[in-house]
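Q: this is a predicted model, with the sequence first.
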Amino acid sequence: MKKFKMRKFSIIIFTILLLIISFLLYARFIGTRNIIIKEFKIINKNITNEYHGLKIAHITDIHYGRTTNEKTLKELVDKVNKTKPDIVVLTGDLIDKDTILTNDMIKIIYSNLKKINASIKKYAISGNHDYKFNEWETIITKGDFINLNDDFDLIYKDSNKPILFAGSSTNNMGSTKITKKLFKTFEYIKENKNIYNILLIHEPDYINKIDKNKFDLILAGHSHNGQVRFPFIGPIILPVGAKKYYNEYYKLNETELYISGGIGTSTVNFRLFNKPSFNLYRLVNK
């Protein structure tokens, strides 16, 4: 009887260990592969007929050098281009902070970014991991992206009424510049009411430090939507700067916040119940 109980106990322990190992192997080698596209329709009365149907591809948190490599970048470029976006935005953490960046890597990254096609423009802001790399701006520029850190730009499409894109660089490095550098953006919005306004930000929690209600749409990254998630429980790993806002979507008064789950991994090389992804938004006025 005692021998039978020990055998039963050993089987239970072995089964538990096997399940744990299976989960870890899945999270490392399957969960981090095969990029998916998440599509969203955004309805707003400030989107004029000229911009009705405008497509924005939102990529973020590539973390090149950890679980993301050249093959992953090529897959991302191919899938983004198949959506035929008008605008492409990158909301930070292009490179992982633990990556030993070489000249070959730099060329691989900007060469692939350059192949991303947008009919109008491509914008990028930096994340807290990018902060370490002086080469970030060179990579972005050679990849034909506009550096939108703490700045804004206007796009026009068959109209004299623009859409405004503003950007804020990382705020996880002890900086409070978001309230200062975006001052000129707020002034423009105040003087030009009823135009559609979009803010790019890396860490979503920091929108509480600005007048977020000035923007119709805020696009963020950083949270990975919880790199490791469990059904009915949600995310179990969340970084500083994404403790309050981390899911795909929030409605904050009249402002809509979308957070992309991103492509790569940070800190641990696992993704569970949360495949690598990028968002595709279609702007419509009805």
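A: Alright, I've got the coordinates.

Q: and residue 188, that one's in a helix?
A: Yes: assigned with DSSP: H, G, I helix; E, B strand; the rest coil, residue 188 falls within a helix.

Q: heads up, I number from 816, so please use that
A: Fine by me, first position is 816 from now on; the one you just mentioned is residue 1003.

Q: so it makes contact with residue 979?
A: Yes: with contact taken as CB atoms under 8 Å, residue 1003 and residue 979 are classed as touching, separated by 6.9 Å. The way it works is simple: take the backbone N, C-alpha and C, and place the C-beta from them, glycine included.

Q: residue 875 reaches residue 891, doesn't it?
A: No: using CB under 8 Å, residue 875 makes no contact with residue 891, being 11.0 Å away.

Q: any common contacting residues for those two?
A: 1078, 1093 (CB atoms under 8 Å, 6 or more residues apart in numbering).

Q: picking up where we left off before, neighbour count: residue 1003 and residue 979, which is higher?
A: Between residue 1003 and residue 979, residue 979 has the larger neighbour count (other CB atoms under 10 Å), namely 19 against 16.

Q: then the helix or strand containing that one to PDB, C-alphas only?
A: Counting by DSSP states H and E, the element that carries residue 979 is strand 978-983. The C-alpha trace of strand 978-983 is given here as PDB (Å, rounded to 0.1, in the frame of the first residue of the first chain):
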ATOM      1  CA  ILE A 978      -4.200  65.200 -38.900                       C
ATOM      2  CA  LEU A 979      -1.700  65.900 -36.100                       C
ATOM      3  CA  PHE A 980       0.800  63.300 -35.000                       C
ATOM      4  CA  ALA A 981       2.700  64.100 -31.700                       C
ATOM      5  CA  GLY A 982       5.300  62.000 -30.000                       C
ATOM      6  CA  SER A 983       6.900  61.700 -26.600                       C
END
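
Q: give me the helices and strands touching it, please.
A: strand 936-940, strand 966-970, helix 998-1006, strand 1011-1016 (3 or more CB pairs under 8 Å, 6 or more residues apart in numbering; DSSP states H and E).

Q: pull up the pairing partners for the first one, direction included.
A: What that stands for is strand 936-940. Using DSSP bridges, the strands paired with strand 936-940 are strand 902-906 (parallel), strand 961-962 (parallel).

Q: any buried residues in it, and which?
A: For strand 936-940, burial by neighbour count (16 or more other CB atoms under 10 Å) applies to 936, 937, 938, 939, 940.

Q: got the contact list for the fourth one?
A: Residues in contact with residue 939, defined by CB under 8 Å, 6+ apart, are 904, 905, 909, 955, 958, 960, 961, 962, 963, 982.

Q: let's go with 10 Å and repeat that
A: Contact partners of residue 939, counting by CB atoms under 10 Å, 6 or more residues apart in numbering, are 874-875, 903-907, 909, 928, 945, 951-952, 954-956, 958, 960-964, 982, 1015.

Q: which among those count as buried?
A: Of those, these count as buried by 16+ other CB under 10 Å: 874-875, 903-907, 909, 928, 945, 951, 954-955, 958, 960-964, 982, 1015.

Q: for residue 847, which residues are in contact?
A: By CB under 10 Å, 6+ apart, the residues touching residue 847 are 841, 881-883, 887, 1042, 1078-1080, 1084-1087, 1089-1091.

Q: how near is the closest residue to residue 964 other than its chain neighbours to residue 911?
A: Among residues not flanking residue 964 along the chain, residue 984 sits closest, at 3.9 Å (CB to CB, 6 or more residues apart in numbering). Per CB to CB, to the nearest Å, residue 984 is found 17 Å from residue 911.

Q: those two: which has the busier surroundings?
A: Between residue 984 and residue 911, counted using other CB under 10 Å, residue 984 has the larger neighbour count: 26 against 23.

Q: so what's the nearest residue to residue 969 once chain neighbours are set aside up against?
A: Here the nearest residue to residue 969 in space, its sequence neighbours aside, is residue 977; by CB to CB, 6+ apart that works out to 3.9 Å. Applying CB under 10 Å, 6+ apart, we find residue 977 in contact with 863, 866, 968, 969, 970, 971, 1003, 1007, 1010, 1011, 1012.

Q: now these: which count as buried?
A: 863, 866, 970, 1003, 1010, 1011, 1012.
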